[in-house]
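# The sequence isn't on hand, but the structure is:
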């Protein structure tokens, strides 16, 4: 008879491992799956942008390069035709001035989008439910290039300054 | 004792009279025809296995002795004719009834056929565990008793791979009798055994029959050994029963074919040389 | 012409025989549950003993996926979707299929040769003579054990593969770890995970059925068992890939 103990321990380990893997795949991975740790702690803040580019749910929110939260929801506000972005800030970062400036930036040259916060000077801090007023939308690369060529091709082209945030062309997914 | 078994020598050409059904026969085979893969194996077989006797079924290799066993144990159904085991026709039974029938029989296979991942004890205990709800201590006593009967109680915890051929067969015998069957079937029990183990098996077969009154069917082509213990014997050849009777009667039979088989003689219908063209011609030519 | 049609006829006969076998086998699965010890034995045989090869393969496949994926995505400037690409590829396709193929090679052949050997040494016939249904005692536990082990093996393959891809992507290719996982979590939905699990179960049923069938019906000789083993691998592989297509198409709805 095969050694019972080895058999039982071996099978038990295998089954445990398998279920752990299954559990991991079904809960940690999918966006809609149940998260094991439960909702992470933090407070919700929102902001509106003219154009979010390809910012995704889960994209990080960073200040001075340090990740302080993440995007939890992106929706369309029909009243003012802007994109509303909900964010969750880690609760330990609760001294962010409420006049901070939120811009959608790109990681690296062609990387994913994230929200970068630049601190304002006010003495009120962001709390749950706060809305960030000052925002800058995503830079859409094609429009930038178009603008560049457009301004350059006009004789004696004085370059226009930094592109503004008004883009009406819908962004195409890379 | 022999009156209900007549010595018949039936060559394939003649039609021998069919014997009347024997009253106390555990197994009756009546005019059975069976073909496998286009080849006719049996073309009219009759035999009876009397209760409490050792019946030998002999014949050259390939005559279908094992097939006959499979017909008796309801693994195969005859194309024509009837097989009766314990008075019932297995062909007419459903699976459950067939299994019930088989529990009254024990079968010893040529190579023992022990389950390789169980040890000796568990192998013998297997039928008991599967078919009964006996408590563990009782099973233990039962298994050890049967192992004692075949002389292998000391080997109870060895694995089949560690047994010699003879030992494996004895364990298989213990397993075959553990449920106290009424009929024991031995399929080529002597093949490949050394003289000592052979002697053990022979004595065990005789003992099972005499001490426990178990009807026994022994299939073998080992004529010498079989003749020493068999009460009735049948010689199969060419898909029919070529001879039947007590072993001694067969040895003195009129038919040269039967005599050649029983005595292993060189003279007789079965030739030494396989059919071939002329010897001298083939040697001298360049082919 | 006759050769071709008899070949087809043989094939059809074989399929019919397999289907009948499956039905009888399934019928014995329920009573076989009365012997959990046998099934546990078989989960060990088919699952735990395949663990090493599955984990190793998962790691390497994941790493290759990371490497190739990164190279490929770099051409389109989308390296950051490496996580998504690797995860989806592993979960939906590579995980179930490669696990099934490896399973057929390791566990399937083991099942076939075990059962074939039992057939060749008359153990199965002996069981029938002892009025024990070999389908119930030998075939069903092995079938069930394998079917239970497959999804677990596939899940392990997938997880290790993901880590392999992450290893390459993050450590070697400097893709941001957070982006990797957030991208992954974002693009993988329950539907994708379900697809992977369903595929693994279906492949498990197919491979185990083939393995058990071939062993049970092998010629009772040494050569016969060898042939049966080869047929197991071939049939399992083809069946797996075929079912993969069917299921992928089905899940596209």
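Right, received. Where do you want to start? Note that the coordinates shown come from a computational prediction; the quantities given were computed from them, not determined experimentally.
# so where is chain B shaky, pLDDT-wise?
B:1-23, B:266-267, B:287 (pLDDT under 70).
# Look through it and state the residue closest to chain A.
Evaluated by CB to the nearest CB, chain B has residue B:119 as its residue closest to chain A, separated by 5.9 Å. Using the backbone N, CA and C atoms, a C-beta is placed for each residue, glycine as well.
# my guess is that residue contacts residue B:162, does it?
No. The pair residue B:119 / residue B:162 is not scored as a contact, 9.1 Å apart, by CB atoms under 8 Å.
# more neighbours, these two?
For residue B:119 versus residue B:162, neighbours defined as other CB atoms under 10 Å in any protein chain shown are more numerous around residue B:119 (19 against 12).
# residue contacts, that one?
For residue B:119, the contacting residues are A:1, B:156-160, by CB atoms under 8 Å, 6 or more residues apart in numbering or on different chains.
# Which members of those occur in helices, if any?
Among the contacts of residue B:119, no member falls in helices (DSSP state H).
# Please convert the buried members of those into ChimeraX selection syntax.
A single ChimeraX command is used to select the members of the contacts of residue B:119 judged buried by 16 or more other CB atoms under 10 Å in any protein chain shown:
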select /B:156,159,160
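# Chain C next: which of the contacts of residue B:119 are close?
Contacts with chain C are made by none of the contacts of residue B:119, judged by CB under 8 Å from any CB of the partner chain.
# remind me which residues of chain A are low pLDDT?
Applying pLDDT under 70 to chain A flags residues A:1-3, A:29-41, A:108-111, A:154-174.
# Report the central residue of it.
In chain A, the centroid-proximal residue (CA atoms, centre = their mean) is residue A:59; its distance is 2.5 Å.
# my read: it touches residue A:71, true?
Yes. Counting by CB under 8 Å, residue A:59 does reach residue A:71; the two are 4.7 Å apart.
# Need the overlap of contacts for the two.
residue A:115.
# List the beta-bridge partners for residue B:50.
residue B:25 (DSSP bridges).
# my guess is it contacts residue B:24, does it?
Yes. Using CB under 8 Å, residue B:50 makes contact with residue B:24 at a distance of 6.1 Å.
# What's the biggest helix in the chain, counting residues?
Just so you know, I chose chain A. Chain A, longest helix under DSSP H: helix A:4-23.
# wrong chain, I was asking about chain B
Per DSSP H, chain B has its longest helix at helix B:195-212.
# Can you tell me what sits against that helix?
B:52-54, B:149-151, B:164-167, B:169-170, B:173, B:177, B:180, B:184, B:186, B:189-190, B:193, B:214-216, B:218, B:225, B:228-229.
# Please point out which parts of that helix sit buried.
Across helix B:195-212, burial judged by 16+ other CB under 10 Å covers B:197-198, B:200-202, B:204-205, B:208-209.
# biggest separation within the residues you listed, which pair?
B:197 and B:209 (18.9 Å; CB to CB).
# Say whether chain A is contacted by stretch C:182-198.
Yes. Applying CB under 8 Å from any CB, one finds stretch C:182-198 in contact with chain A at C:182-190, C:192-193, C:196-197.
# So which of these belong to helices?
C:182-187, C:190, C:192-193, C:196-197.
# hmm, which of those residues are the buried ones?
The neighbour-count test (16+ other CB under 10 Å) marks C:182-187, C:192-193, C:196-197 as buried among those.
# For chain C, which residues score under the pLDDT cut-off?
Those would be C:1-3, C:80, C:175, if you go by pLDDT under 70 across chain C.
# and it, which residues reach chain A?
For chain C, the residues in contact with chain A (CB under 8 Å from any CB) are C:40-41, C:43-44, C:47-49, C:51, C:76-80, C:87, C:91, C:149, C:151-153, C:155-156, C:158-159, C:176, C:178-179, C:182-190, C:192-193, C:196-197.
# rewinding a little: which residues are contacting the longest helix of chain A?
Here helix A:4-23 has contacts from A:36, C:40-41, C:43-44, C:47-49, C:51, C:149, C:151-153, C:155-156, C:158-159, C:197, using CB under 8 Å, 6+ apart.
# Show the subsequent helix or strand relative to the strand ranked longest in chain A.
In chain A, taking DSSP state E as the definition, the longest strand is strand A:66-77. For strand A:66-77, the succeeding helix or strand toward the C-terminus, using DSSP states H and E, is strand A:82-89.
# and that following strand, what other elements does it pack with?
strand A:43-49, strand A:66-77 (3 or more CB pairs under 8 Å, 6 or more residues apart in numbering or on different chains; DSSP states H and E).
# how far does the helix or strand that comes right after it sit from the chain's center?
Using DSSP H and E, the helix or strand that follows strand A:82-89 in sequence is strand A:101-106. Relative to the chain's own centre, strand A:101-106 is displaced by 10 Å; criterion: CA atoms, centre = their mean, to the nearest Å.
# For chain C, what is the nearest residue in the stretch 101-250 of chain B?
residue B:113 (3.8 Å).
# OK, contacts around that residue?
By CB under 8 Å, 6+ apart, the contact set of residue B:113 is B:172, C:121-123, C:125-126.
# mind listing what's buried in the longest helix of chain A?
Across helix A:4-23, burial judged by 16+ other CB under 10 Å covers A:7, A:10-11, A:14-15, A:17-18, A:21-22.
# For residue A:131, give the beta-bridge partners.
Where residue A:131 sits in a bridge, its partners, by DSSP bridges, are residue A:46.
# tally of neighbours for it?
Residue neighbour count, defined by other CB under 10 Å, stands at 12 for residue A:131.
# Residue B:106 and residue B:186 touch, don't they?
No. At 9.3 Å, residue B:106 and residue B:186 do not qualify as touching, with contact defined as CB under 8 Å.
# Strands of the stretch 151-287 of chain B, start to end?
With DSSP state E, counting those that start in this stretch, the ranges of strands along the stretch 151-287 of chain B come out as B:183-187, B:215-219, B:232-237, B:240-245.
# what pairs with the first one, and is each one parallel or antiparallel?
Strands flanking strand B:183-187 in the sheet, each with its direction: strand B:105-108 (parallel), strand B:215-219 (parallel) (DSSP bridges).
# Can you pull out the residues in contact with the shortest one?
When you say that, I think you mean strand B:105-108. B:69, B:73, B:85, B:169, B:172-173, B:175-177, B:179, B:181-187, B:189, B:214, C:126, C:129.
# ditto for the longest one
Counting by CB under 8 Å, 6+ apart, strand B:215-219 makes contact with B:26-27, B:49-58, B:65-66, B:68-69, B:72, B:182-189, B:205, B:208-209, B:226, B:229-230, all of which sit outside it.
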